[in-house]
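**Q** only geometry, no sequence info:
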């Protein structure tokens, strides 16, 4: 393992090295670090964190990013995290009149330097120009100390390697460092040039300037008068995101359910946020915009619980979820918070959907009428199982739901006489998109075991000269259960855009320009047949 014999005192001196060139008339102020055990510091500083997420619930796996972080294989992993945060840091500074150099080392590692700002909160806005602190210059220093950077800074200087030769023997090699690359060191020694592995101890001299131990935000400020100032800094950082997870526990008779929601926050930004005011933004925010006309609407969601849950409100064209208590978001962690209290007795309905066309034929779109009679003749036999519910206030909900993964469970009472209580069993999961209130939620849980379907073409005629195609379809549904089953039969009329149903066994519902539904009931241990004839013209 590469080890460097460098004194800690010299290393600490590097942090302030960029300030040593300032003249004596410039005051240097170090940003105070926050300690949750210090009441005075907490009074002098507050942190706000707003997290934006672009995570795809289907493919977002926090464990992947955590593993990359732990293994250190990808130094840019944090920029790949699907989301970002806006950090607002308010703290007190004791400034001297005139120019001051202010450095904050307790900042996120993956800052976007173009988003950094500093505002003096000690004077009202109309007086900012004359009485406020003015920012003369700001920079983000991120050239952190590392073995590689240290060795790079010692090129053409003398270093010493202690190389283990085995049997307890150590060879001390001193020479001028010519290069350090890919774990190999080239030294100009008194006995010639030597190429060595850098796996031994390396002794260096004085610590060179220009390197720092922590990412540092630095400002050059001009204060009109001496005294304390409350300032607020703000910036965007990568490496942080969130997603929503829902638990749906369905009742025994499958007519109601309890819905709970959690927020999973992943923080790999390189900084902890102690006692932060946390906000989450749900919606598709375009980051190319530099300014947002974000006018708040005073429309709060139905769920409020000051002890745990988020409060929801409309915010511009998005939705904001604010935690009404402060929370600590530690670095290199995933953390779950209650999004809203569990909604009890939400009315739900189980829906079986039969889509007889094979999966590869369901979304065909052709530039001209299709007269291939065999196209789409193969049938899917499985019925999809859905749970649907209305996101309305009178259904114990009525709050905008962020996109996320929803997992469904059902209690198994069981018939085992040795079992004292039932068990909660997993029955499926699905993804939901951002869902406004008063809209329907459809959750696909799987496919039915006891209800099956079959779709066949029973008649087909095509008259190209007359520009008419006629097709007859028969759908057969079989139910092996001892209770009736409600089924929605979904059909896509894909042969051409102009069509009409000329005959049908059951009434259909037109869903869109090429989709129809038949809502039917299949009797217990019986079957139901649906037939229809469609005529295409052009």
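**A** Here it is on my side, so go on. Since the model is a prediction, treat every value here as computed from it, not as a measurement.

**Q** what's the following helix or strand after the lengthiest strand in the chain?
**A** Secondary structure of the chain per DSSP state E: the longest strand is strand 440-463. With elements assigned by DSSP states H and E, the helix or strand that comes after strand 440-463 is strand 468-479.

**Q** so which helix or strand of the protein has the lowest pLDDT on average?
**A** The helix or strand of the chain with the poorest confidence is helix 8-15; it has a mean of 30 (mean pLDDT, DSSP states H and E).

**Q** what packs against the helix or strand containing residue 149?
**A** Element membership of residue 149 [criterion: DSSP H and E] is helix 147-153. Judged by 3 or more C-beta pairs under 8 Å, 6 or more residues apart in numbering; DSSP states H and E, the packing partners of helix 147-153 are strand 169-181. Glycine gets a C-beta too; all of them are placed from N, C-alpha and C.

**Q** tell me what residue 243 is bridged to.
**A** Taking DSSP bridges as the rule, residue 243 bridges to residue 264.

**Q** burial count for it?
**A** Residue 243: 23 surrounding residues under other C-beta atoms under 10 Å.

**Q** distance of it from residue 54?
**A** Distance, residue 243 to residue 54, using C-beta to C-beta, to the nearest Å: 10 Å.

**Q** what's the domain layout of the protein?
**A** 155-203, 348-400+435-537 (automatic domain parsing).

**Q** and among these, the most buried is which?
**A** Of all those, domain 348-400+435-537 has the most neighbours on average by mean count of other C-beta atoms under 10 Å, namely a mean of 16.

**Q** okay, which residue is most central for this protein?
**A** The centroid of the chain falls nearest to residue 55 when counting by C-alpha atoms, centre = their mean (3.5 Å).

**Q** surely residue 345 is in contact with residue 258?
**A** Yes. Residue 345 lies in contact with residue 258 (C-beta atoms under 8 Å); the separation is 7.3 Å.

**Q** out of the two, which sits in the busier spot?
**A** Higher neighbour count among residue 345 and residue 258: residue 258, with 16 against 13, using other C-beta under 10 Å.

**Q** kindly list the main-chain dihedrals of that one?
**A** As for residue 258, its main-chain torsions (degrees, to the nearest 10) stand at phi -100, psi 130.

**Q** residue ranges with poor pLDDT in the stretch 201-350 of the chain?
**A** Within the stretch 201-350 of the chain, the segments meeting pLDDT under 70 span 205-213, 287-308.

**Q** if you set the cut-off to 90 instead, what comes out?
**A** Along the stretch 201-350 of the chain, segments meeting pLDDT under 90 span 201-218, 252-253, 268, 270-271, 282-319, 321, 331-334, 340.

**Q** which parts of the stretch 351-500 of the chain are helices?
**A** Per DSSP state H, counting those that start in this stretch, the stretch 351-500 of the chain carries no helices over any range.

**Q** typo on my end, the stretch 1-150 of the chain
**A** Using DSSP H, counting those that start in this stretch, helices in the stretch 1-150 of the chain cover 8-15, 39-44, 62-71, 128-131, 147-153.

**Q** no further queries at this time; thank you.
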